[in-house]
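# A structural model of the following input is requested.
(one chain, ligands or ions: 1)
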Amino acid sequence: MSASAEQLAISQDSNVDSTFKHFEVVPVAPALGAMIEGLHLSELTDESAEELRRAVWQYGVVFARDQHLDPVQQKRVASYFAEDFEEHPFAKNLADEGHPEVFVIEQFASDSARARTTTDLWHHDVTGRTNPNLVSVIQAKEVPFGADTMWASAGASYDYLPNELKLLFLGLDIDHDLAYMAMRHDFGDASTAAEKLVKVGEVATHPAVIQHPFTGRLGTFIGNGHIKRVHGYTTDLSDLILKIANELPKLPELQVRHHWSPGDVAIWDNFGTLHYGVTGDLRSQTRLLHRVSVWSREIAPYLDREAAIRELMEGRV
Ligand SMILES: [Fe+2]
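Numbering: from 1, shown residues only. Below you'll find the predicted structure:
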């Protein structure tokens, strides 16, 4: 039974995943996503944090309501997942309050309708890096009605492909480039000017399909963010292939959507999921979230390509 089928079985048999002892885990969609209940994240212990990590690897993204973490608490939650805090090349942060690790995702009522938050496209974060973020902990401060966040399962995206396309993607590497993302998506303000981001130099090549570092599950690792080209392919051919990949997270069956309330926290696996920030009606309101992300210099996207292709050909997946 595939991992996605196991999750489906759990959510149909009972609403609560009874394998968790320190808090309740209630799946909220078949492909990914679970609500954590009976846990305040400021009270994590080594034992409950171990279960929380398992929940994030298994469900891709977990949600906890009514947390209202302060920056120190939010950073502590993230630190249970990896040792290094992200430094972002252009995001605003809380450095003035002594917390440069806390990024501020914001858009104001005064912003024009065309103003971009850089979140409204399906992507993994910072894939232009050799060691992309492993986990992000995000907390809603102020979110207009409809300004939800959506996640899609990278594992379910891979599972969805017919074997012939699995084989194609298993053989590919993808070039990722931060500056290319900013130009392609026309971010276009001073903080994301192309010349600035070229200097940052976030460029990496990763397999198009990776093994999850903790579960081993195969998943796509492409997204419509930092991708530049299928490595070694012409632009035209590359665009055709990337279009297939970029359609996958748009499938409702592979998604979960969270309607925010202030104080809600989402913790997501950046290797195993893609996300999309729905901008909602920003003509009248402010959108403000705080994000802390962690990564590990020990963990990079990886695929044992020969083994994965062999298993596929032998019908063992
Ligand atoms: Fe993102």
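# Quote the end-to-end distance of stretch 211-227.
The first residue of stretch 211-227 is 19 Å away from its last residue (CA to CA, to the nearest Å).
# Repeat that for stretch 122-130.
This stretch, stretch 122-130, spans 20 Å end to end (CA to CA).
# Going by neighbour count, list what's buried in that stretch.
122, 123, 124, 125, 126, 127, 128, 129 (16 or more other CB atoms under 10 Å). Bear in mind the C-beta positions are built from the backbone N, C-alpha and C, glycine included.
# wait, what's in contact with the closest residue to residue 120 other than its chain neighbours?
Leaving out its chain neighbours, the residue that sits closest to residue 120 by CB to CB, 6 or more residues apart in numbering is residue 279, at 5.2 Å. Residue 279 sits next to 107, 117, 119, 120, 147, 287 when contact means CB atoms under 8 Å, 6 or more residues apart in numbering.
# Just say helix, strand or coil for residue 279.
Following DSSP: H, G, I helix; E, B strand; the rest coil, we place residue 279 in the coil state.
# before we move on, the earlier item: from the contacts of residue 279, which shows the smallest pLDDT?
Ranked by pLDDT, those bottom out at residue 117, which scores 54.
# Enumerate the helices of the stretch 151-300 of the chain by residue range, in sequence order.
Under the criterion DSSP state H, counting those that start in this stretch, the stretch 151-300 of the chain carries helices at the ranges 154-160, 163-170, 178-184, 194-200, 235-247.
# Please identify the most buried of those.
helix 154-160 (a mean of 24; mean count of other CB atoms under 10 Å).
# Tell me the helices and strands packed up against that one.
Where contact means 3 or more CB pairs under 8 Å, 6 or more residues apart in numbering; DSSP states H and E, helix 154-160 is packed against helix 3-13, strand 218-220, strand 273-277.
# related to what we said a few turns ago, could I have the buried ones of the contacts of residue 279 as PyMOL selection syntax?
Command for PyMOL that selects the buried part of the contacts of residue 279, burial taken from 16+ other CB under 10 Å:
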select buried, resi 107+117+119+147+287
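# tell me which of the contacts of residue 279 is nearest to residue 233?
The nearest member of the contacts of residue 279 to residue 233, counting by CB to CB, is residue 120 at 27.1 Å.
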